[in-house]
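>>> My questions concern the predicted model and sequence given below.
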Amino acid sequence: MLYTDLTKKAMRLCFAAHAGQLDKGGVPYVFHPFHVAEQKEDELSTVVALLHDVVEDTDYTLEDLARMGFPEWALSALKLLTHDKRVPYLDYVAAIRHDPIARAVKLADLRHNSDLSRLTDPDASALARVEKYRRAIALLEAEA
């Protein structure tokens, strides 16, 4: 993990925002964004990785993050990474592929979310999710 003032600020927010949340495997959710962030080698993508689910899965808004002083480049990538449920999933993914930070973070996110070993007993819905993620990864990699 890269430690700068901004990444530490993002770590603290990530930890606070996801407090009490569990992932589908029953593990504290915060380990997911931390794992995604550990895959990154620069400040920009590390910050975005840490915060990639904050707006989508908590009460924080992009405006809150702006007031906290997170830079516009982070907010722009986070806006792309926040899935509006009214937008079809693959359309949402397609919009991400043109932003290099959002694209890199989403690829790491999808790969981690596709790891069925995180689940105690993968069911049909987990297998369907992994298939959906496989299509999303292919879409994002097609632009490489």
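Now that the structure is in, tell me what you want to look at.

>>> export stretch 38-45 as PDB, just CAs?
Coordinates of each C-alpha in stretch 38-45 appear next as PDB, following Å, rounded to 0.1, in the frame of the first residue of the first chain:
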ATOM      1  CA  GLU A  38      -3.000  -2.900  -2.400                       C
ATOM      2  CA  GLN A  39      -2.900  -3.800  -6.100                       C
ATOM      3  CA  LYS A  40      -2.200  -0.100  -7.100                       C
ATOM      4  CA  GLU A  41       1.200   1.500  -7.300                       C
ATOM      5  CA  ASP A  42       0.400   5.200  -7.400                       C
ATOM      6  CA  GLU A  43      -1.400   7.700  -5.300                       C
ATOM      7  CA  LEU A  44      -4.200   8.400  -7.700                       C
ATOM      8  CA  SER A  45      -5.400   4.900  -8.200                       C
END
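
>>> Can you tell me what sits against the longest helix along the chain?
Ranked by residue count under DSSP state H, the longest helix found in the chain is helix 124-142. The contact list for helix 124-142 (CB atoms under 8 Å, 6 or more residues apart in numbering) reads 24, 89-90, 93-94, 96-97, 103, 106-107, 110-111, 113-114, 116, 119. Heads up, the C-betas are built off the backbone N, CA and C, glycines and all.

>>> chain center to that helix, what's the gap?
Centroid separation for helix 124-142 versus its chain: 15 Å, with CA atoms, centre = their mean, to the nearest Å.

>>> hey, where'd the helices end up in this structure?
5-17, 31-38, 43-51, 54-57, 62-67, 72-81, 89-96, 100-113, 124-142.

>>> The longest helix of the chain vs helix 89-96, what angle?
30 degrees (axes from the mean of the first three to the mean of the last three CA atoms, to 10 degrees).

>>> which parts of helix 124-142 are buried?
126, 129, 132-133, 136-137, 140 (16 or more other CB atoms under 10 Å).
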